[in-house]
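K.L.:
with the input below, show me the fold.
(one chain, ligands or ions: 2)
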Amino acid sequence: MPQPARKTVDDFTHEYEQYEDIAESLLKRTHHRPSLAVICGSGLGGLADLLENPDAFNYEDIPYFPTSTVHGHVGRLVFGLLNGVTVVCMQGRFHFYEGYDMSKTTIPVRVFKLLGVHTVIVTNAAGGLNPEFKIGDIMLIKDHINMPGLAGNNPLMGQNDRRWGPRFVSLCGAYDRDLRELARNVATNLGLDEILREGVYTMVSGPCFETVSEAKAFRSLGSDCMGMSTAPEVIVARHCGLRVLGISLITNNVVQEHDSDDFPDHEAVLIVGKQRAHDLQRLISELIFRIADEYEGPATAVSDVKDDDDVHNGHNGKNGH
Ligand SMILES: O=P(O)(O)O[C@H]1O[C@H](CO)[C@@H](O)[C@H]1O
Ligand SMILES: Nc1nc2[nH]cnc2c(=O)[nH]1
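P.N.:
Ligands and ions are numbered 1, 2, ... in the order given. Got it, this is the predicted structure:
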């Protein structure tokens, strides 16, 4: 009997039932029931190889999923145990510059919600703008500037399905303050405080790296580092009430001098990712243990979303208030 054709990302029209379809197909194929998710940035996917009792699914084998096309993004969803906690890891993410609609780059985030995840750790490789940052520093994201979003490319564009969240989403406190405090404490305990930073991430669409003048402009706007991801995932996560911790690895200095001979290079980004992989893995692994211990339970039930969504944002009240 011929197998039915896989439903591809081109068939995806954002119906709630399609997300359910994806989640069900995964839950049928793994006994793991994760409460935490990790999105691994460029060169940071080694974390997923540490999971015990793994069940790994190539993105090609998941209904409606986009596929990874960027070097340094393996393209697998891996379920398993990290430090005794059941997690699901995206070993590679989707980027807008790969040609996917913004809302398709974030499909996995809503799937996480349906899988029972309450907290997402979003990681990325980023270029440092803050002159105090060094290559190899780890930056906790306290906020973002979403350039594509400001230009009209927001993943929540289009009709709003209230089963996910409200029409208008507050992004105040999107990067959970308590989780950042926990991360600082964990980093100190692991002896990583010397390389730990905190700051603002700016997303540009890519795939070009920014010009020197753009970099200078973003620095003057208060940005500490730059990348081509993360903001859409965080928006969708907050929309459906997931708690978010964002971590940038500073893989290069963004050139801010017109006469400089330096230039950014993706292969160099991946090398720094490899060099810092062990420290990041220690940090995330310990954080996951502590989050599971201290924050168990859903951040916000989807059904908590009120009808009057101009007033209620349906999110965990401790964020952004
Ligand atoms: O954000 P992640 O996926 O970590 O990757 C970053 O690294 C790549 C550029 O080197 C871009 O994709 C940028 O977004
Ligand atoms: N935009 C941007 N993305 C990156 N990802 C890793 N490094 C960089 C960088 O310097 N700029």
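K.L.:
so what's the residue lying closest to residue 147 once chain neighbours are set aside up against?
P.N.:
Leaving out its chain neighbours, the residue that sits closest to residue 147 by Cβ to Cβ, 6 or more residues apart in numbering is residue 204, at 5.0 Å. Where C-beta positions appear, they are placed from N, C-alpha and C, glycine not excepted. With contact taken as Cβ atoms under 8 Å, 6 or more residues apart in numbering, residue 204 is in contact with 147-148, 210, 214, 226-228.
K.L.:
same question for residue 255.
P.N.:
212, 215, 262-264.
K.L.:
tell me how far residue 158 lies from ligand 2.
P.N.:
From residue 158 across to ligand 2, the span is 26 Å (Cβ to the nearest ligand atom, to the nearest Å).
K.L.:
what's near enough to touch the residue in the stretch 1-150 of the chain positioned nearest to ligand 2?
P.N.:
Using Cβ to the nearest ligand atom, the closest approach of the stretch 1-150 of the chain to ligand 2 is made by residue 127 at 2.1 Å. By Cβ under 8 Å, 6+ apart, the contact list for residue 127 reads 209-210, 225-227, 250-254, 264.
K.L.:
swap in 6 Å and give it another go.
P.N.:
Residues near residue 127 by Cβ atoms under 6 Å, 6 or more residues apart in numbering: 226, 252, 254, 264.
K.L.:
and ligand 2, which of these reach it?
P.N.:
226, 252, 254, 264 (Cβ under 6 Å from any ligand atom).
K.L.:
the first one sits in which helix or strand?
P.N.:
Right, residue 226. strand 225-227 (DSSP states H and E).
K.L.:
who touches that strand?
P.N.:
Counting by Cβ under 6 Å, 6+ apart, residues outside strand 225-227 touching it are 124, 126-129, 139, 201-202, 248, 254.
K.L.:
please apply the same query to stretch 133-147.
P.N.:
175, 180, 183, 195-204, 223, 225, 231, 246, 248-250, 272, 276.
K.L.:
quick one, strands of the stretch 151-300 of the chain?
P.N.:
196-203, 225-227, 243-253 (DSSP state E, counting those that start in this stretch).
K.L.:
would you turn those into a markdown table with mean neighbour count and mean pLDDT?
P.N.:
As requested, these are exported to a markdown table (neighbours: other Cβ atoms under 10 Å; pLDDT from 0 to 100):
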| stretch | mean neighbour count | mean pLDDT |
| --- | --- | --- |
| strand 196-203 | 22 | 98 |
| strand 225-227 | 27 | 98 |
| strand 243-253 | 26 | 97 |
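K.L.:
for ligand 1, which of the ones you listed is the nearest?
P.N.:
Per Cβ to the nearest ligand atom, nearest to ligand 1 of the strands of the stretch 151-300 of the chain: strand 225-227, 4.1 Å.
K.L.:
and the residue nearest the centre of this structure?
P.N.:
Among the residues of the chain, the one closest to the centroid is residue 122, at 3.1 Å (Cα atoms, centre = their mean).
K.L.:
bridge partners for it, pull those for me.
P.N.:
In this entry, residue 122 is beta-bridged to residue 39, residue 246, by DSSP bridges.
K.L.:
can you check the pLDDT for it?
P.N.:
Note on residue 122: pLDDT of 98.
K.L.:
start the count at 367 instead of 1 going forward.
P.N.:
Got it, first residue is 367 now, which makes that one residue 488.
K.L.:
for it, what are its contacts?
P.N.:
So residue 488 contacts 405, 596, 599, 612 (Cβ under 6 Å, 6+ apart).
K.L.:
can you name the residues bridging to the residue of the stretch 367-516 of the chain closest to ligand 2?
P.N.:
residue 592, residue 618.
K.L.:
and it, how far from ligand 1?
P.N.:
Residue 493 is 8 Å from ligand 1, by Cβ to the nearest ligand atom.
K.L.:
tell me how far that residue lies from residue 505.
P.N.:
11 Å (Cβ to Cβ, to the nearest Å).
K.L.:
next, count neighbours for the residue lying closest to residue 455 once chain neighbours are set aside.
P.N.:
The shortest distance from residue 455 to any non-neighbouring residue, by Cβ to Cβ, 6+ apart, is to residue 414 (3.9 Å). By other Cβ atoms under 10 Å, 24 other residues sit near residue 414.
K.L.:
equivalent analysis for the one 5 residues further on, please.
P.N.:
Close neighbours of residue 419, defined as other Cβ under 10 Å, add up to 11.
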